[in-house]
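Q: with the input below, show me the fold.
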Amino acid sequence: MTTAPLPRRDDPRMHTVEMAAVSGDLEDHEILTSVRPGPSTRETALLVAAGGALGATLRYLLELAAPTIATPTLVDIPWSTWTANVLGCLLMGVIAGYLESGGRAPAWARPFLATGLCGGFTTMSTLVLQVSAMIGADFPLIALEYGLGSAVLALLALVVGLLAGRILGKRS
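A: Next comes the predicted model:
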């Protein structure tokens, strides 16, 4: 069995941003010359923190508006967590699709909206705790339905959001 030779550094197939970073030619790479300067590391951290605080606050308000009631003999589906995860994934998809398709947005949009706001609004840890509580209350089938249903619908919402965001990004 023979293997193809590894491409050399001067091979045109190797002219990627990643290879430019490894070889030290990052300043000369054509993709990076059109990129606007983004926020500094400190500014990015503050944007993520502010977006996360806003997202977590919105999720908390959603929980107050639609609280989950659980007793030892009755398990209510935690609709507020389900809603937050599905809506957050939909919004994350719209933002990512928009930005990836060339939509114009300020440099602060991705860290504040996508990472911070959507990250603070959605909550995998709460989902896991709720599924664990359902299993602990001896409702394993409801827990399985809720956990798998949440994951599948959140992923579908993300895909729908990506498609919608790409359409919006191409129009702008």
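
Q: give me the phi and psi angles of the closest residue to Ala107 other than its chain neighbours.
A: Counting by C-beta to C-beta, 6 or more residues apart in numbering, Gly38 is the residue found nearest to Ala107 once chain neighbours are left out, at 4.4 Å. For glycine as for every other residue, the C-beta is placed from the backbone atoms N, C-alpha and C. When quoted as degrees, to the nearest 10, the phi and psi of Gly38 stand at phi -90, psi -180.

Q: and for the one 10 residues further on?
A: The main-chain torsion angles of Val48 are listed as degrees, to the nearest 10 and equal phi -60, psi -40.

Q: got phi/psi on the nearest residue to it once chain neighbours are set aside?
A: By the measure of C-beta to C-beta, 6+ apart, the closest residue to Val48 outside its immediate chain neighbours is Gly116, 4.3 Å from it. Dihedral angles phi and psi of Gly116 (degrees, to the nearest 10) take the values phi -80, psi -70.

Q: distance check, Gly116 against Arg42.
A: Taking C-beta to C-beta, to the nearest Å as the criterion, Gly116 is separated from Arg42 by 14 Å.
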